[in-house]
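Participant: got a predicted structure plus its sequence, pasted below:
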Amino acid sequence: MTIRSVLTILDPKTTVRFEMSTAAHLFDVSGLACVITGGASGIGLACAEALAENGAKVTLMDINANSLDGIVSSLTRRGLDVRGELVDVSDRASVATAFQNTVNHYGRLDVVFANAGIDAGPGFLGRDGQRVFEGTLENLDLRNWERVISINLNGVLHCLQESAKHMKPQGSGKIVVTTSIASLRSVAWVGTPYLPAKAGASHLMRQAALELAKYNIQVNAIAPGAFATNIADGHVRDPEVRRLLEAGNPQHRVGDPAEIKGIALLLASRASSFITGSEIVIDGGALLGQAD
Ligand SMILES: NC(=O)c1ccc[n+]([C@@H]2O[C@H](COP(=O)([O-])OP(=O)(O)OC[C@H]3O[C@@H](n4cnc5c(N)ncnc54)[C@H](O)[C@@H]3O)[C@@H](O)[C@H]2O)c1
């Protein structure tokens, strides 16, 4: 008996039948025109690699020109089809220009990862269990609040707006927002502005999924737990921080950015054809609570 089965995908306009359930077919992203914001580091870079290593055409967008140049050069040397666009996601005009350049280059836009984000400084509680003066509600720096909201929430909105502009006329598209498990729970040691920014991005993702479903555009989110990246000056590499994070995680470790690659392929490919408005948690069980 063959492992092939008939899978029927209901397209809003037509009914498409395809007779393949091989992993290679379901997760095929070859030739797709993709954008990843915050693509020059960490989780965004891992998503970019996952797509490009599987034949997608990937534009990495980032605010850090040096990192972007270096990453695009090294991926290009590996034979991957990538290009870079300098962008500040908090600036709608900057996002609009970068998306337009990308569409001009590829002629279309299939997949967008709205991933760029920053940390928000200390929470109200230090890792030592002591209250942190500048992290308490009455002492929050409003400029920092606005900066975090403008990148982590407004930045997602700008990417959704520019994605919708280009995807609606073509009648297809997939958008993936990087939120956080901090969008689903409170965390005392995370800077307060980060939580509403990520919770807002999460709910914005659901509203966009509802609005854009009619146009055959799917919108989902990845909610990571602690991953070893460059965020917050790479604080996860600090041995004491890492030890505490590992102790609080049921799998007793932090995530490696490469572990995002499977979800990236799922949400960018036809394997996720009936998934929209979902936030997929990838946290080694951290949200479940303390195990031992
Ligand atoms: N690492 C974690 O533990 C973790 C956990 C949950 C969620 N996240 C989220 O994952 C996403 C990626 O973070 P990361 O951990 O890979 O961090 P990172 O610092 O390694 O990478 C973030 C990238 O975004 C870029 N960036 C920052 N501000 C930008 C802006 N205004 N416009 C364009 N690019 C900008 C940076 O230059 C950097 O290259 C963020 O949204 C972050 O909030 C990370």
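Facilitator: Happy to help now that I have it. Numbering: from 1, shown residues only.
Participant: ok, for the one residue in the stretch 51-200 of the chain that gets nearest to the ligand, nearest residue in space, not its chain neighbours?
Facilitator: Closest residue of the stretch 51-200 of the chain to the ligand, CB to the nearest ligand atom: Gly117 (2.2 Å). All C-beta atoms are positioned from the backbone trio N, CA, C, and that covers glycine. Once flanking residues are discounted, Gly117 sits nearest to Asn152: 4.7 Å by CB to CB, 6 or more residues apart in numbering.
Participant: what about the one you found, neighbour count?
Facilitator: The number of residues packed near Asn152 is 27, by other CB atoms under 10 Å.
Participant: got the contact list for it?
Facilitator: By CB atoms under 8 Å, 6 or more residues apart in numbering, Asn152 lies in contact with 117-118, 194, 197-198, 201.
Participant: show me what from this protein comes close to the ligand.
Facilitator: 37-38, 40-44, 62-64, 67, 87-90, 115-118, 151, 155, 178, 180, 224, 226-227, 229-231 (CB under 6 Å from any ligand atom).
Participant: okay, and which of those residues map to helices?
Facilitator: In helices, defined here by DSSP state H, the members of the residues of the chain next to the ligand are 42-44, 67, 151, 155, 231.
Participant: and the helices in the stretch 51-200 of the chain?
Facilitator: Using DSSP state H, counting those that start in this stretch, the helices found in the stretch 51-200 of the chain span residues 65-77, 92-106, 142-152, 154-170, 194-212.
Participant: how about Asp81, what does it touch?
Facilitator: Asp81 neighbours (CB under 8 Å, 6+ apart): 52, 55-58.
Participant: hmm, which two among those are most spread apart?
Facilitator: The span of these, defined through CB to CB, is set by Gly55 and Val58 at 10.1 Å.
Participant: the two: which has the busier surroundings?
Facilitator: Val58 (28 against 13).
Participant: so the more buried one makes contact with Ala52?
Facilitator: Yes - when contacts are counted by CB atoms under 8 Å, Val58 is listed as touching Ala52 (4.6 Å).
Participant: can you list residues touching both of these two?
Facilitator: Contacts common to Val58 and Ala52, judged by CB under 8 Å, 6+ apart, are 80-82.
Participant: let me have those residues in a markdown table, extended by distance to Thr102 and pLDDT.
Facilitator: Supplementary listing: these in a markdown table, determined by distance: CB to CB, whole Å; pLDDT from 0 to 100:
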| residue | distance to Thr102 | pLDDT |
| --- | --- | --- |
| Leu80 | 16 | 98 |
| Asp81 | 13 | 98 |
| Val82 | 12 | 98 |
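Participant: right, I'll leave it there.
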